[in-house]
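In: Attaching a predicted model along with its sequence, questions to come.
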Amino acid sequence: MSKDRYLTFALGKGRLAKKTLELFEQIGITCEEMKDKDSRKLIFVNEELKLRFFLAKGPDVPTYVEYGAADIGVVGKDTVLEENRRVYEVLDLGFGKCRMCVCGPESAKELLQHHERIRVASKYPNIAKDYFYNKKHQTVDIIKLNGSVELGPLVGLSDVIVDIVETGSTLKENGLTVLEEICPLSARMIVNQVSMQMEQERIMHLLNSLRAALQENNN
Ligand code: PRP
């Protein structure tokens, strides 16, 4: 494909995007435009390297990448699993480390052990469903929430929650605990399946540079 084609990145808004841009700077990819906090622009361009960046809500990143509106995306593994889009997951960026867990009051442990039909609140209904139905073979009722999921067991909406645990302080402050661990999470780079073929050289070069930078940071 022509060298004039822009490679487009969709970055999940917030901490992940900031960390991603820091890592990109380390390999010589900068985007000065993006640092202007007052700007209302949505798309940022590095003309020299023929790169474009935009910020999107985390769950929308795999959508942009699947449809090819972005060649590459950076988003949490939680979102990759929940959205289950047809994209290639190519790199673990190592930051944004946390865990997807089943949490609740200590008393809910018994309900889990006895495979009772419990209520599970989560921002991640697909992950919760896959875990309980396919891995544990336990029938449960899943209730979708959009945030502050820890409220579920506190106000009697659900018996347990499936949520992200980072430091564990939200759980602790609310008298809840990790009951079961589902999987570890961190930021991932995803690639559109057609872009992977058409822009193989540029993408492989980028991946190699990122891998080298990540290794250097670990030493
Ligand atoms: C996330 C997650 C937990 C919390 C975990 O929520 O859903 O509530 O962070 O972090 P901790 O273990 O370090 O306390 P977020 O702040 O993203 O907001 P939300 O509850 O509205 O989803």
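Out: Looks like it came in fine.

In: ok but M189 is inside a strand, no?
Out: Yes - counting by DSSP: H, G, I helix; E, B strand; the rest coil, M189 is located in a strand.

In: Could you give the backbone dihedrals for the closest residue to it other than its chain neighbours?
Out: In space, M189 comes closest to L91 once its chain neighbours are excluded; the distance is 4.1 Å by C-beta to C-beta, 6 or more residues apart in numbering. Bear in mind the C-beta positions are built from the backbone N, C-alpha and C, glycine included. When read as degrees, to the nearest 10, the backbone of L91 gives phi -150, psi 140.

In: Next: T8.
Out: phi -110, psi 130.

In: again, but for L55
Out: Dihedral angles (degrees, to the nearest 10) for L55: phi -100, psi 140.

In: State the distance from it to V178.
Out: 31 Å (C-beta to C-beta, to the nearest Å).

In: pLDDT value on the nearest residue to D141 once chain neighbours are set aside, please?
Out: Nearest residue to D141 in three dimensions, chain neighbours excluded: R119, at 4.9 Å (C-beta to C-beta, 6+ apart). As predicted, R119 sits at a pLDDT of 98.

In: Show me what counts as buried in stretch 56-64.
Out: By 16 or more other C-beta atoms under 10 Å, the buried positions in stretch 56-64 come out as A56, G58, P59, D60, V61, P62, T63, Y64.

In: whoops, I mixed them up, stretch 164-176
Out: I164, V165, T170, L171, L176.

In: hang on, the earlier thing: L55 and V178: which has the busier surroundings?
Out: Higher neighbour count among L55 and V178: L55, with 17 against 14, using other C-beta atoms under 10 Å.

In: Packing partners of the longest helix seen in the chain?
Out: In the chain, ranked by residue count with DSSP state H as the criterion, the top helix is helix 200-218. For helix 200-218, the elements it packs on are strand 7-12, helix 15-26, strand 88-92, strand 187-191, judged by 3 or more C-beta pairs under 8 Å, 6 or more residues apart in numbering; DSSP states H and E.

In: what angle do it and strand 88-92 make?
Out: Computed by axes from the mean of the first three to the mean of the last three C-alpha atoms, to 10 degrees, the angle separating helix 200-218 from strand 88-92 equals 30 degrees.

In: circling back to that earlier point, present the buried residues of stretch 56-64 as JSON lines; the columns should include distance to the ligand.
Out: Formatted as JSON lines, these follow (distance: C-beta to the nearest ligand atom, whole Å):
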{"residue": "A56", "distance to the ligand": "16"}
{"residue": "G58", "distance to the ligand": "10"}
{"residue": "P59", "distance to the ligand": "12"}
{"residue": "D60", "distance to the ligand": "16"}
{"residue": "V61", "distance to the ligand": "16"}
{"residue": "P62", "distance to the ligand": "18"}
{"residue": "T63", "distance to the ligand": "19"}
{"residue": "Y64", "distance to the ligand": "21"}
